[in-house]
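Asker: can you look at this prediction? I've put the sequence above it.
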There are 2 protein chains.
Amino acid sequence: MLLAREEAIVAAVNRLLAEKGFDAMTVDAVAAEVGIAKASLYKHFRSKEELAAAAMIRVLDRALAQIDLLGADAGADPVAQLRAMTRWTMQLQLAGEMPSLPAQNSALRTALTSNKVYLDRLMLVSERLGEWIRAGQLSGRLDPGVPPEVVLYTMFARACDPVLNILKASANFSDEQIVEILLSTCFDGLHGRSQANAVRAIRAS
Amino acid sequence: MLLAREEAIVAAVNRLLAEKGFDAMTVDAVAAEVGIAKASLYKHFRSKEELAAAAMIRVLDRALAQIDLLGADAGADPVAQLRAMTRWTMQLQLAGEMPSLPAQNSALRTALTSNKVYLDRLMLVSERLGEWIRAGQLSGRLDPGVPPEVVLYTMFARACDPVLNILKASANFSDEQIVEILLSTCFDGLHGRSQANAVRAIRAS
DNA sequence: GTCTATACACAGATAGAC
DNA sequence: GTCTATCTGTGTATAGAC
């Protein structure tokens, strides 16, 4: 019962973080969404920052589950797997389920960098993706000139890419189109997929 | 004298927006940095949002000046010009002079979308870059499959790319290296510049 | 147009009864 | 553990004298 209640709290936090962001999310709003008193929240979590950390841990766990799913196929192409994870991330954002935290809030940063569980999950995700990145660079399908951690951070950054929300707000593209366009700009660059395809075709011949 | 005072105010706002972001920037801090009383600020600007808008107008004017500089060379390659503007943007951020606004603050959004001067400058920048984008796509050096506005937004997004600050904080790369790496991932993608260069070499032969 | 002092609102966190 | 009621700090904005 306690765990179910806490899951309901974290789910509400997750949704509100996605909709409003950390600064604009109020603890009152969380309490209202869960349907309990604000003071009751503080019996489960000691601060607003801890609420946010719990939401981040939850989403990292979902990411790990997705990684496991993709990793089950032993013969899969690592770059295709990285692309699939980036797609998953964007779809989560489009669905309004990706919590967004400010990069500059120092109280929040302190809370996160001293949260063992959060750091542990973050490292797990990084290591799993790191293996695919290394394999992709060895095969030459990822630019070996880009440091592996830059590839990792670039993928993480897709989770909060403002371009996605701008395109959604413009209402000129379907969600599927947005995802495909941004996957293209991320992996193939603005210079274009035509060039990457051309190289692939030439190498294949 | 009045204009000089207001320029000092906006410069302080610009710096604090770059350092802390809009939410964490307090009007008290602005007043302290300028060295005047808070109430005096409100004689020049009617709200915190108006302060932020003034800072954004200022940076858009700097961008327009840079565009003019690059546009003076009539025979220049449009894609090289777009790349140069993206580089300029990143260097501004690395120098701590790029104001950062939250995408989700609605009071701020309202103030900006009803600010004629701001909208005018934003449209000017967009149109100037838009011409280069169109030319780049016609020449085939920019992927014609990516909608022009997506190219534009993607470039704008480089101004607040979190990857840049993460790399700077990691202290593994010089500022110049960071800029070159991110230019590569932006224009050539994670698949790599080697492919784009290969295509260029093949086409040239 | 600059100052000191203050009004006002809001949000994070807690007290204490049940 | 849940509630109501409250404390406390902080930040935007203003009043009013000079």
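Answerer: All right, it came through fine.
Asker: return the residues in contact with the spatially most central residue of chain A.
Answerer: What sits nearest the mean C-alpha location of chain A, by Cα atoms, centre = their mean, is A:A159, with 4.1 Å. Residues in contact with A:A159 (Cβ atoms under 8 Å, 6 or more residues apart in numbering or on different chains) are A:T89, A:M90, A:L92, A:Q93, A:M98. From N, CA and C alone the C-beta is placed, and that goes for glycine too.
Asker: how near is the last one to A:D161?
Answerer: I take that to be A:M98. 10 Å (Cβ to Cβ, to the nearest Å).
Asker: give me the pLDDT for the closest residue to A:R58 other than its chain neighbours.
Answerer: Leaving out its chain neighbours, the residue that sits closest to A:R58 by Cβ to Cβ, 6 or more residues apart in numbering or on different chains is A:V10, at 5.4 Å. Looking at A:V10, its pLDDT stands at 98.
Asker: surely A:V10 touches A:A55?
Answerer: Yes: counting by Cβ atoms under 8 Å, A:V10 does reach A:A55; the two are 5.6 Å apart.
Asker: point out where chain A drops to low pLDDT.
Answerer: A:193-205 (pLDDT under 70).
Asker: just to revisit the earlier point, out of the contacts of A:A159, which comes closest to DNA strand D?
Answerer: Closest approach between the contacts of A:A159 and DNA strand D, by Cβ to the nearest atom of the strand: A:M98, at 26.9 Å.
Asker: quick one: the closest one and A:A63 touch, right?
Answerer: No: with contacts counted by Cβ under 8 Å, A:M98 stays clear of A:A63, the gap being 10.5 Å.
Asker: now do the shared contacts for the two.
Answerer: A:T89.
Asker: one step back: show me what contacts the residue nearest to A:R58?
Answerer: By Cβ under 8 Å, 6+ apart, the neighbours of A:V10 are A:L51, A:A54, A:A55, A:R58.
Asker: can you check A:S100 too?
Answerer: So A:S100 contacts A:L17, A:A18, A:G21, A:F22, A:C160, B:Q104 (Cβ under 8 Å, 6+ apart).
Asker: try it again with 7 Å
Answerer: A:S100 is in contact with A:L17, A:A18, A:G21, A:C160, counting by Cβ atoms under 7 Å, 6 or more residues apart in numbering or on different chains.
Asker: so is the host helix or strand of the second one next to DNA strand C?
Answerer: Per DSSP states H and E: A:A18 is located in helix A:2-20. No: under the criterion of Cβ under 7 Å from any atom of the strand, helix A:2-20 makes no contact with DNA strand C; the nearest approach is 10.1 Å.
Asker: do the next helix or strand after that helix and chain B meet?
Answerer: Downstream of helix A:2-20, the first helix or strand assigned by DSSP H and E is helix A:27-34. No: Helix A:27-34 stays out of contact with chain B when judged by Cβ under 7 Å from any Cβ of the partner chain, the minimum separation being 13.7 Å.
Asker: would you mark the buried spots in the helix or strand following helix A:27-34?
Answerer: Next helix or strand after helix A:27-34 toward the C-terminus (DSSP H and E): helix A:38-44. Across helix A:38-44, burial judged by 16 or more other Cβ atoms under 10 Å in any protein chain shown covers A:L41, A:H44.
Asker: stretch A:19-26 now?
Answerer: Using 16+ other Cβ under 10 Å as the test for burial, stretch A:19-26 gives A:K20, A:G21, A:F22, A:D23, A:A24, A:M25.
Asker: does chain B sit close to it?
Answerer: Yes: Stretch A:19-26 reaches chain B (Cβ under 7 Å from any Cβ) through A:K20, A:G21, A:D23, A:A24.
Asker: wait, doesn't the second one sit right on B:S106?
Answerer: Right, A:G21. No: with contact defined as Cβ atoms under 7 Å, A:G21 does not reach B:S106; the gap is 10.8 Å.
Asker: which parts of chain A are helices?
Answerer: Using DSSP state H, the helices found in chain A span residues A:2-20, A:27-34, A:38-44, A:48-71, A:78-94, A:106-113, A:116-139, A:148-157, A:162-170, A:175-187, A:193-204.
Asker: what distance do you get for A:A54 to DNA strand D?
Answerer: A:A54 sits 15 Å away from DNA strand D, taking Cβ to the nearest atom of the strand, to the nearest Å as the criterion.
Asker: residue contacts, that residue?
Answerer: By Cβ under 7 Å, 6+ apart, A:A54 lies in contact with A:V10, A:V13, A:F45.
Asker: give me the neighbour count for the last one.
Answerer: By the other Cβ atoms under 10 Å in any protein chain shown criterion, the neighbourhood of A:F45 contains 19 residues.
Asker: return the residues of chain A in contact with DNA strand D.
Answerer: Checking chain A against DNA strand D by Cβ under 7 Å from any atom of the strand, the hits are A:L2, A:R5, A:G35, A:I36, A:A37, A:K38, A:A39, A:S40, A:K43, A:H44.
Asker: chain B versus the second one, what's the distance?
Answerer: Distance of A:R5 to chain B, computed by Cβ to the nearest Cβ, to the nearest Å: 28 Å.
Asker: and that residue, how many neighbours does it have?
Answerer: 14.
Asker: that one and A:V30: what is the separation?
Answerer: From A:R5 across to A:V30, the span is 13 Å (Cβ to Cβ).
Asker: what's the answer for the fourth one, then?
Answerer: As for A:I36, its distance to A:V30 is 9 Å (criterion: Cβ to Cβ).
Asker: show me which of these two is the more surrounded one.
Answerer: A:V30 (22 against 17).
Asker: now do the contacts for the more buried one.
Answerer: A:V30 sits next to A:I9, A:A12, A:V13, A:L16, A:L41, A:L51 when contact means Cβ under 7 Å, 6+ apart.
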